[in-house]
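Undergrad: Give the three-dimensional model of this entry:
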Amino acid sequence: MPVDLIRTINRVGKWSVNRMIGRRRPLIAVFSLTHYCNFYCPMCPFGDADKEGQMRLARKNDLTTEQWKLIFDKVSKYCVWSIIEGGEPTSRPDFMELVRHLYGLKLPITLITNCSLLHKIDLDELKKYIQFITCSIDSVFEESYCKVRGVTPQAYQKVMENLELLNQHKVPHYFNSVITKFNTDEFVNQKYFERARELGVNSVSLTFVEDRSDVNYSLLPDRKTMIKVCESVLEHIKKGKYPQVMIPPLYFEQIIEHGRGVFDECGVWKSIFVNGNGTVMVPCWKYTSPENSYSLLEKSVEEIWSAPQWEITKTCHDCEVLGCVWYSSQPVTTFAQNYMRGLSKMINQQKPELVNAVTN
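TA: Residues are numbered from 1 along each chain as shown. Next comes the predicted model:
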């Protein structure tokens, strides 16, 4: 049995015991490596138009290489999977060094990236360390892509070129697309799926945008349009054609029926989300007051996960369509049967040893 699989079974076993005795502990690690992003997405707090100011902020507040390694070491004792994101994580000069360190901890890695800088990275080396790349591709067509992401056609073309590089180097990847009022047409008419196939992906993750509370605009489509999108996505799923939709049909069915995702208790505590400065917001990013911020450089995971603010998750239902919260708040059976099946299909014929590990 591979040593990393033994490690995973061990971590899941400890996590399950903690759940049985009512103790919350994280299982998935999310590392936001930097405050800087080179894109301008209006649905994201990193889409700041003042990129020079954002870069200064990142230089001042981003953790150093050694500080990130210290946090990786702490978190790896609890989690079975890691996600590295940003800002744009590939903008860090030490990006590959940090990836190597995580890999050395035998913590499987997902990279979330806008794909704009992948041509500057040794992809053959990168694929040795990561399980797959989540490509943030909110639209597969130039006009709506540029509108959603706030970038130029030249940036779109560079991303398309880098997606081809992923195919050429056989790096496992899928698209994560956020549905906003700017890109609904391609989902309703299903042109999105045709184009995604042409771009060489086997799987896509689709969720609606969760409007930010710190801005005075909404990017969420109107109710009628959301229903049309959901019906079209469900139709594609029933066809059984590629690309595979990783989000379970239940997500779209609930939005049609209820106008939002449905869950009993928020499961955000199942993941540890570490900000670029090493802090963890308890219980989540919606509670940004200083008393809810804990430094993982100063505190242990045990101390942070014993904080009283986690009680908020028992009653909070503020996130209506946010996919990650919906996922983590579903029963274990829903998560396992749907997500892992989609994951297996996505990486089929690319990393067969991992497919066997997650499905057996």
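Undergrad: and the closest residue to residue 217 other than its chain neighbours, what is it in contact with?
TA: Nearest residue to residue 217, sequence neighbours excluded (C-beta to C-beta, 6 or more residues apart in numbering): residue 42, at 7.4 Å. Yep, even glycine has a C-beta here, placed from its N, CA and C like the rest. Contacts for residue 42 (C-beta atoms under 8 Å, 6 or more residues apart in numbering) come out as 148, 150, 215, 217, 219.
Undergrad: Residue 266: neighbouring residues, count only.
TA: Per other C-beta atoms under 10 Å, the neighbour tally for residue 266 reads 22.
Undergrad: what about the residue nearest to it when sequence neighbours are not counted, distance to residue 283?
TA: Leaving aside its sequence neighbours, residue 266 sits nearest to residue 313 (C-beta to C-beta, 6+ apart; 4.1 Å). Distance of residue 313 to residue 283, computed by C-beta to C-beta, to the nearest Å: 5 Å.
Undergrad: What separation do you get for the residue nearest to residue 217 and residue 66?
TA: As judged by C-beta to C-beta, residue 42 and residue 66 stand 35 Å apart.
Undergrad: before we move on, what about residue 285?
TA: To residue 66, residue 285 is 26 Å away according to C-beta to C-beta.
Undergrad: So which of the two has more stuff around it?
TA: When neighbours are counted by other C-beta under 10 Å, residue 285 and residue 66 differ, and residue 285 comes out ahead with 15 against 10.
Undergrad: hang on, the earlier thing: list residues touching both of residue 313 and residue 283?
TA: Going by C-beta under 8 Å, 6+ apart, residues that sit against residue 313 and also against residue 283 are 266, 268-269.
Undergrad: Rebuild those residues as CSV, extending it with distance to residue 255 and pLDDT.
TA: Below are the shared contacts of residue 313 and residue 283 laid out as CSV (distance: C-beta to C-beta, whole Å; pLDDT from 0 to 100):
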residue, distance to residue 255, pLDDT
266, 17, 96
268, 20, 96
269, 24, 96
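Undergrad: which residues in the stretch 51-200 of the chain form strands?
TA: 81-85, 109-113, 132-136, 173-179 (DSSP state E, counting those that start in this stretch).
Undergrad: Sheet partners, orientation included, of the second one?
TA: When pairing is defined by DSSP bridges, strand 109-113 lines up against strand 81-85 (parallel), strand 132-136 (parallel).
Undergrad: Quick one: work out the angle between the last one and strand 173-179.
TA: Here strand 132-136 runs at 30 degrees with respect to strand 173-179, directions being taken by axes from the mean of the first three to the mean of the last three C-alpha atoms, to 10 degrees.
Undergrad: same question, the first one
TA: Computed by the same axes, to 10 degrees, the angle separating strand 81-85 from strand 173-179 equals 60 degrees.
Undergrad: So what touches strand 81-85?
TA: In contact with strand 81-85 (C-beta under 8 Å, 6+ apart) are residues 27-33, 72, 75-76, 98-99, 102, 107-113, 134.
Undergrad: Off-centre distance for that strand?
TA: Distance of strand 81-85 from the chain centroid (C-alpha atoms, centre = their mean, to the nearest Å) equals 8 Å.
Undergrad: Also the last one?
TA: The gap between where strand 132-136 is centred and where its chain is centred comes out at 8 Å by C-alpha atoms, centre = their mean.
Undergrad: Give me the contacts around that strand.
TA: So strand 132-136 is contacted by 83, 110-115, 163, 166, 171-176, 178, 201, 205, 346-347, 351 (C-beta under 8 Å, 6+ apart).
Undergrad: ok, which stretches of the stretch 1-150 of the chain are helices?
TA: 3-20, 51-61, 65-75, 95-104, 123-129, 142-149 (DSSP state H, counting those that start in this stretch).
Undergrad: Need those in TSV (columns: mean pLDDT and distance to residue 185).
TA: Shown next, in TSV, are these (pLDDT from 0 to 100; distance: least, C-beta to C-beta, whole Å):
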stretch	mean pLDDT	distance to residue 185
helix 3-20	85	41
helix 51-61	96	30
helix 65-75	98	41
helix 95-104	98	35
helix 123-129	98	32
helix 142-149	96	8
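Undergrad: Now render those as JSON lines, adding distance to residue 329.
TA: Shown next, in JSON lines, are the helices of the stretch 1-150 of the chain (distance: least, C-beta to C-beta, whole Å):
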{"stretch": "helix 3-20", "distance to residue 329": "14"}
{"stretch": "helix 51-61", "distance to residue 329": "30"}
{"stretch": "helix 65-75", "distance to residue 329": "21"}
{"stretch": "helix 95-104", "distance to residue 329": "26"}
{"stretch": "helix 123-129", "distance to residue 329": "30"}
{"stretch": "helix 142-149", "distance to residue 329": "26"}
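Undergrad: what's the burial count for residue 72?
TA: Number of residues near residue 72 (other C-beta under 10 Å) recorded here: 21.
Undergrad: Just list the residues touching it, thanks.
TA: Each residue near residue 72 by C-beta under 8 Å, 6+ apart is listed here: 31, 82, 98, 101-102, 105, 107.
Undergrad: show me the contacts for residue 138.
TA: Contacts of residue 138 (C-beta under 8 Å, 6+ apart): 41, 144-145, 148-149, 177-180, 183.
Undergrad: Show me which of the residues you listed is closest to residue 249.
TA: Of all those, residue 179 has the smallest distance to residue 249: 15.4 Å, by C-beta to C-beta.
Undergrad: Could you report the distance from the nearest residue to the closest one once chain neighbours are set aside to residue 254?
TA: Here the nearest residue to residue 179 in space, its sequence neighbours aside, is residue 208; by C-beta to C-beta, 6+ apart that works out to 4.8 Å. Going from residue 208 to residue 254 by C-beta to C-beta gives 11 Å.
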